[in-house]
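# quick one, fold the following:
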Amino acid sequence: ARQLAHRGALYPWRTIMGDEASAYFPAGTAQYHINADIMYSLQKYWEATEDLEFLMDMGAEMLWETSRFWMDIGHFRECDGRFVINCVTGPDEYTALVNNNCYTNLMVQAQLRFAVQVVEILKRQCYAKYDALVLKIGLKRKEIQMWAHAAEHMFVPYDQRLGIHPQDDTFLLKEKWDLEATPAHKFPLLLHYHPLNLYRKQVCKQADLILAQFLLGDQFDKEQKRRDYEYYKGITTHDSSLSGAIFAIQAAELGDHDQAYEQFLTTARMDLDNCHHNTEHGIHTASMAGTWLCLSAGFGGMRTYGELSFAPWLPAQWEGYSFNVTYRGCRVNVSVQPAGTTYTLTKGRGITLQHHRNQVTLTSETPAKTLSTR
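Numbers count the residues shown, from 1 in each chain. As a prediction, the model looks like this:
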């Protein structure tokens, strides 16, 4: 952050020893959303573990210093008082250096809300350590108030005519790239077209807004997700190995099971089939993680929006599947079969979860329950 003349802290987009190692800043350093991505992971870790020691010793400082960064690069615009973040690149690397990338703004909004929440958690549960950390980093009450104000007034792009969220302020003003007329041997586009050709068009390398609607899914109703999914499905090339898993998860949630399974196969077999013709340069480890997400969050419908919930379904090609989840000190095995979905408590005293919005309680006395698979 200091190298860029900003307050707070900024994680490098690409690093070997901690320093920024990105050579091409429009698709590297400008992806400031890395801060919010890491803080989202921190929040999910806290929700799953309630690890107060980690929050006190490391997490809160990480969260508050990166929140300072957002307040330094963003501002409240004069015309309507909305908090805006200009000249950034979102997850989609076929669009760069834009104002108000929708994914970035949504994730920053979530981070700032969590930053304020952590202030209250630490004040309530360990005031002495909270006070010591405030003194260490010089945190002012006004800063906390501004985090809350920025989150409340965050600008989130929306197009009333189409009923969708534009990827950024000017995305819908661009001409669409004709993907159907692009020869197969011209994919991935980044290897055959200069970045400026890509930046001028409506074309996405990977999930961007659709990723936000998975991570922050409780902020959108299903019909909004459907409109956005259908729009971006038509202009996304999936030239990034990170993209298919997210589209698979959203397709599954929206009932497009054939598309979900197709994207899952591409994700799972990324290196086995050398789908991107570059496996000889190294395996796609993030795509491997996406395979597990397809299984748990896509087919299993797992979400953690404040509580553990599932909405499992069984692909027609499969006889069944299972996976394990550890949440708040309890380990649960989820086994999905044609006859039903069985939840089994394998560690911990007890847990309450949701199965297709129906409450399920597992205890040491009743460790397993089976419900219908949809």
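# ok, Thr291 - how many residues close by?
Using other C-beta atoms under 10 Å, Thr291 has 20 neighbouring residues. For the C-beta atoms, the positions are set from N, CA and C on the backbone; glycine is no exception.
# how about it, secondary structure?
Following DSSP: H, G, I helix; E, B strand; the rest coil, we place Thr291 in the helix state.
# surely Ser241 and Gly282 touch.
No: the criterion here is C-beta atoms under 8 Å, and Ser241 misses it with Gly282 at 11.1 Å.
# buried stuff in stretch 146-157?
Within stretch 146-157, the residues that qualify as buried are 146-147, 149-151, 154-155, 157, counting by 16 or more other C-beta atoms under 10 Å.
# what does stretch 95-112 give?
Those would be 95-96, 98, 100-112, for stretch 95-112 by 16+ other C-beta under 10 Å.
# phi, psi of Thr346?
Here the main-chain torsion angles of Thr346 (degrees, to the nearest 10) amount to phi -110, psi -10.
# and the residue lying closest to it once chain neighbours are set aside, how close does it get to Gly340?
Distances taken as C-beta to C-beta, 6 or more residues apart in numbering put Arg331 closest to Thr346, at 4.8 Å, once the chain neighbours are dropped. According to C-beta to C-beta, to the nearest Å, Arg331 and Gly340 sit 20 Å apart.
# now the element after the host helix or strand of Asp72, going C-ward?
Using DSSP states H and E, Asp72 maps to helix 60-73. Downstream of helix 60-73, the next assigned helix or strand under DSSP H and E is strand 74-76.
# so what does the very next helix or strand once past that following strand touch, helix or strand wise?
Using DSSP H and E, the helix or strand that follows strand 74-76 in sequence is strand 83-85. Where contact means 3 or more C-beta pairs under 8 Å, 6 or more residues apart in numbering; DSSP states H and E, strand 83-85 is packed against strand 74-76, helix 102-125, helix 141-152.
# of all the ones you listed, which lies closest to Leu52?
Closest of the helices and strands packed on strand 83-85 to Leu52 is helix 102-125, at 6.2 Å (criterion: C-beta to C-beta).
# picking up where we left off before, identify each buried residue in the helix holding Asp72, please.
In helix 60-73, counting by 16+ other C-beta under 10 Å, buried: 60-71, 73.
# tell me what angle that helix forms with helix 102-125.
Relative orientation of helix 60-73 and helix 102-125, computed by axes from the mean of the first three to the mean of the last three C-alpha atoms, to 10 degrees: 140 degrees.
# just give me how far helix 60-73 sits from the chain centre.
Offset of helix 60-73 from its chain centre (C-alpha atoms, centre = their mean, to the nearest Å): 19 Å.
# that one - what's its average pLDDT?
Mean pLDDT, computed over helix 60-73, is 98.
# that helix vs helix 141-152, what angle?
Angle, helix 60-73 to helix 141-152, by the same axes, to 10 degrees: 70 degrees.
# ok, how many other residues are close to Gly8?
18.
# is it true that it touches Asp72?
Yes: contact criterion C-beta under 8 Å: Gly8 and Asp72 qualify, at 6.2 Å.
# name the residues contacting each of the two.
Common contact partners of Gly8 and Asp72 (C-beta atoms under 8 Å, 6 or more residues apart in numbering): Ala1.
# tell me, what residue is most central in this protein?
A centroid search over the chain (C-alpha atoms, centre = their mean) returns Leu215, at 4.1 Å, as the residue closest to the centre.
# wait, isn't it in contact with Tyr40?
Yes: using C-beta under 8 Å, Leu215 is in contact with Tyr40, at 6.2 Å.
# overlap in contacts of these two?
Met107.
# and stretch 186-195, how far out from the chain's middle?
Using C-alpha atoms, centre = their mean, the mean C-alpha position of stretch 186-195 is found 26 Å from that of the whole chain.
# rounded mean pLDDT for it, please.
Averaging pLDDT along stretch 186-195 yields 96.
# ok, stretch 350-370 next?
In the prediction, stretch 350-370 has an average pLDDT of 97.
# how about it: buried residues?
Using 16+ other C-beta under 10 Å as the test for burial, stretch 350-370 gives 351, 353-356, 360, 362, 367, 369.
# looking at those residues, which are in strands?
The strands, defined by DSSP state E, take in 351, 353-355, 360, 362, 369 from the buried residues of stretch 350-370.
# follow-up on the earlier one: as JSON lines, the buried residues of stretch 350-370 with distance to Lys222 would be great.
Shown next, in JSON lines, are the buried residues of stretch 350-370 (distance: C-beta to C-beta, whole Å):
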{"residue": "Ile351", "distance to Lys222": "26"}
{"residue": "Leu353", "distance to Lys222": "21"}
{"residue": "Gln354", "distance to Lys222": "16"}
{"residue": "His355", "distance to Lys222": "18"}
{"residue": "His356", "distance to Lys222": "14"}
{"residue": "Val360", "distance to Lys222": "22"}
{"residue": "Leu362", "distance to Lys222": "28"}
{"residue": "Pro367", "distance to Lys222": "33"}
{"residue": "Lys369", "distance to Lys222": "26"}
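# out of these, the closest to Arg303 would be?
Gln354 (8.5 Å).
# hmm, Ala30 and Val88 touching each other?
Yes: assessed by C-beta under 8 Å, Val88 is found in contact with Ala30 at 5.8 Å.
# between those two, which has more neighbouring residues?
Val88 (22 against 19).
# which residue is the nearest non-sequential neighbour of Arg303?
Ser309 (5.0 Å).
# again with Leu295
Nearest non-adjacent residue to Leu295 (C-beta to C-beta, 6+ apart): Phe323, at 5.9 Å.
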